[in-house]
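Participant: sequence? don't have it. structure:
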């Protein structure tokens, strides 16, 4: 069954090179090719050759609908998003602070990185940029009207909501702005629901809102296309814990110059021993002192299993 018309009717074959060119033009976004785009294009032919014929059409539709953000584009968008924020009459240095979403383990994350770039490119007053807003004393907090959080992407809205829940009472009567380059439609809905239930004023500001892959008009039959993706994920031996539809079934098609969100479909971002994706998610190696506990546990389990034999 045809999912989408990407065949050359005369040659009865997939126009892979044409689609590759479409991807190149889309991913460069008018800028020169960056390293990540170059790697993806260099590996494109080998990537599609590893995918069985029955899944090629699906894979090509997915990859040409991927939203990729090169560094120069993200830099440009961070400036544009700030200009959009500054158009609001209530925003000033006297009543506004800028923050980011903290990671659970205290390590740096994408929100931290994009907050740093946002304040740099927009030449923000350092006195109103906070790594820890809880350091603001109550009498000072009374003068803060707007809190702006910055991130590159929001797939479910969960990280943002959890950040607000840490100091929920402090946000009553304030205006919370959540600036992202890309956000999923489901994330906006969840944030809206939370805002209404908690009576907290939250205003998402974003460059692009993406819908779930299989609710968009990409295929003639969304259910059949989704079923094919599930089968392809099994064929590629992508672990079940990765979720074939992305984290929390987000069905995202998004990648950035510095990483790919785990909300993005694993066929786009997950490598196995036999399969190399085009936009692999970054997995930084932990130093030895962080691995000690897990490795000790593995050795303990191995010793137990050996004794049981």
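Facilitator: Happy to help now that I have it. Owing to the predicted nature of the structure, the values given are computational and were not obtained by experimental measurement.
Participant: how about the strands of the chain, start to end?
Facilitator: Remark: strands assigned in the chain by DSSP state E are 7-8, 13-14, 67-69, 96-100, 146-154, 175-184, 201-210, 254-256.
Participant: will you turn those strands into TSV that also has distance to residue 38, mean pLDDT and mean neighbour count?
Facilitator: Bear in mind the C-beta positions are built from the backbone N, C-alpha and C, glycine included. Listed next are the strands of the chain as TSV, based on distance: least, CB to CB, whole Å; pLDDT from 0 to 100; neighbours: other CB atoms under 10 Å:
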stretch	distance to residue 38	mean pLDDT	mean neighbour count
strand 7-8	26	41	12
strand 13-14	23	55	13
strand 67-69	12	98	22
strand 96-100	30	98	22
strand 146-154	21	98	25
strand 175-184	21	98	24
strand 201-210	23	98	18
strand 254-256	14	98	26
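Participant: With residue 193 as the reference, name the closest of the ones you listed.
Facilitator: Judged by CB to CB, the one of the strands of the chain that comes nearest to residue 193 is strand 201-210, at 10.3 Å.
Participant: So which residues of this protein form helices?
Facilitator: Applying DSSP state H to the chain gives helices spanning 16-28, 35-42, 44-49, 53-64, 71-86, 110-121, 138-141, 158-165, 185-198, 222-235, 266-269, 288-308.
Participant: which stretch among those comes nearest residue 131?
Facilitator: Nearest of the helices of the chain (CB to CB): helix 110-121, 8.2 Å.
Participant: quick one: buried residues of that closest one?
Facilitator: Under the neighbour-count criterion of 16 or more other CB atoms under 10 Å, helix 110-121 has 110, 111, 112, 113, 114, 115, 117, 118, 119 buried.
Participant: between it and strand 175-184, what angle do the directions make?
Facilitator: 110 degrees (axes from the mean of the first three to the mean of the last three CA atoms, to 10 degrees).
Participant: Determine the set of other helices and strands touching helix 110-121.
Facilitator: When contacts are defined as 3 or more CB pairs under 8 Å, 6 or more residues apart in numbering; DSSP states H and E, helix 110-121 sits against helix 71-86, strand 96-100, strand 146-154.
Participant: contacts for the longest one?
Facilitator: If I follow you right, that is helix 71-86. 29, 31, 34, 69, 91, 114, 117-118, 121-122, 148, 150, 152, 177, 179, 181, 205-207, 256-258 (CB atoms under 8 Å, 6 or more residues apart in numbering).
Participant: Then the second one?
Facilitator: Contact with strand 96-100 is made by 111-112, 114-115, 118-119, 124, 128-131, 133, 136, 144-151, as judged by CB under 8 Å, 6+ apart.
Participant: and it with helix 110-121, angle?
Facilitator: For strand 96-100 against helix 110-121, the angle by the same axes, to 10 degrees is 140 degrees.
Participant: Let me know the angle separating strand 96-100 from strand 146-154.
Facilitator: Using the same axes, to 10 degrees, strand 96-100 lies at 30 degrees relative to strand 146-154.
Participant: the inter-axis angle of strand 96-100 versus helix 158-165?
Facilitator: 130 degrees.
Participant: Repeat that for the longest one.
Facilitator: Regarding helix 71-86 and helix 158-165, their directions subtend 40 degrees when assessed with the same axes, to 10 degrees.
Participant: Buried residues in stretch 50-70, which are they?
Facilitator: 51, 55-64, 66-70.
Participant: try stretch 224-243
Facilitator: Those would be 225, 226, 228, 229, 232, 233, 236, 238, 242, 243, for stretch 224-243 by 16+ other CB under 10 Å.
Participant: got the end-to-end distance for it?
Facilitator: Stretch 224-243 has an end-to-end distance of 18 Å (criterion: CA to CA, to the nearest Å).
Participant: who touches that stretch?
Facilitator: 1, 3, 51-52, 54-55, 58-59, 61-62, 214, 218-219, 244-245, 249, 262, 265-267, 270, 272-275.
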